[in-house]
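Q: Give the three-dimensional model of this entry:
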Amino acid sequence: MASLHSLAAVSVIDTKGTVHTWSCSSTLRPLSSLRFKPSELSIFPNHRKGKGGAIKAQSKEASLPVGEGDALTSIKHLLLPVIDRNPYLSEGTRQAAATTTSLANKYGADITVVVIDEEKRESSSEHDTQVSNIRWHLAQGGFEEFKLLERLGEGKKATAVIGEVADELGTELVVMSMEAIHSKFIDANLLAEFIPCPVLLLPL
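A: From the prediction side, this is the model:
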């Protein structure tokens, strides 16, 4: 099961759509030692937001701006969206779960998991299996207690639902895998528009 210490690169983004990507080696330290202002965070790896909100390719890897204090130490509420329908969770979801528990343990943050599906699920047994696996993976990271929300069959895009939940709960960081974008569950162009807080995107 992948964790943050195994990542080669991590990208973060905020509501402004400015993008920053950096490398991590063997521990969480490279991420936590970065100093930046929360208002300057961004999420789309190797892209930047141009005029009119368009996302444009960025030829060079951007670096995080320097601010006062470690912004991650102030994060007390993490949101983990589960969008795939795999009852046993996809590789990207398992990776995001492991990273979320690592960050929550390090910074003393709470975790909320939101299970999202535009359509109603016909098989209750598969849904129950997925929820059980979510609980198992978070327990592996040391979290027996966490908030679980379900937003199923509402016909809303996952990006919009994540934004609504993050806003309602006052979430300070959303953790997701790039797999959600590659699989077309999430529209990368809408992330900065709908989600009111920084998003940590994890490469596979």
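
Q: what's the weakest-modelled helix or strand in this structure?
A: Using mean pLDDT, DSSP states H and E, the weakest-scoring helix or strand in the chain turns out to be strand 55-57, at a mean of 33.

Q: Walking through the protein, point out its strands one by one.
A: 9-13, 20-23, 47-49, 55-57, 77-82, 110-117, 147-152, 173-177, 199-202 (DSSP state E).

Q: which of those has the lowest average pLDDT?
A: Lowest mean pLDDT of the strands of the chain: strand 55-57, a mean of 33.

Q: low-scoring stretches of this protein, by residue?
A: By pLDDT under 70, the low-scoring segments of the chain are 1-71.

Q: Try it again at 90.
A: 1-74, 118-124, 183-185, 187-193, 204 (pLDDT under 90).

Q: what are the ranges of the helices in it?
A: Assigned by DSSP state H, the chain shows helices spanning 29-32, 91-107, 124-140, 158-169, 179-182, 188-194.

Q: Now the third one: buried residues?
A: The neighbour-count check on helix 124-140 (16 or more other Cβ atoms under 10 Å) flags 127, 130-131, 133-134, 137-138 as buried. Glycine gets a C-beta too; all of them are placed from N, C-alpha and C.

Q: got the residues you listed as TSV, with distance to residue 198 columns?
A: What follows is the buried residues of helix 124-140, written out as TSV (distance: Cβ to Cβ, whole Å):
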residue	distance to residue 198
127	30
130	26
131	27
133	27
134	23
137	23
138	21
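
Q: gap between residue 170 and residue 162?
A: 14 Å (Cβ to Cβ, to the nearest Å).

Q: can you check residue 129 too?
A: Look at residue 129 and residue 162: by Cβ to Cβ, they are 23 Å apart.

Q: Same question for residue 177.
A: Distance of residue 177 to residue 162, computed by Cβ to Cβ: 13 Å.

Q: just to revisit the earlier point, relative to residue 75, which of the helices of the chain is closest?
A: Closest of those to residue 75 is helix 91-107, at 5.5 Å (criterion: Cβ to Cβ).

Q: Show me the contact partners of that closest one.
A: With Cβ atoms under 8 Å, 6 or more residues apart in numbering as the test, helix 91-107 has contacts from 1-5, 7, 28, 32, 72-73, 75-76, 78, 80, 82-84, 86, 89, 109-111, 134, 137-138, 140-143, 173, 175-180, 183, 200, 202, 204.

Q: between that helix and strand 110-117, how big is the angle?
A: 160 degrees (axes from the mean of the first three to the mean of the last three Cα atoms, to 10 degrees).

Q: Can you give me the buried ones in helix 91-107?
A: If you call a residue buried by 16+ other Cβ under 10 Å, then helix 91-107 has these buried ones: 92-104, 106-107.

Q: Among those residues, which one sits closest to residue 166?
A: Nearest member of those to residue 166, counting by Cβ to Cβ, is residue 100, at 13.8 Å.

Q: what about residue 132, distance to residue 115?
A: In terms of Cβ to Cβ, residue 132 sits 12 Å off from residue 115.

Q: Equivalent analysis for residue 83, please.
A: Taking Cβ to Cβ, one finds residue 83 at 8 Å from residue 115.

Q: Pick out whichever of those two has more residues nearby.
A: residue 83 (23 against 20; other Cβ atoms under 10 Å).
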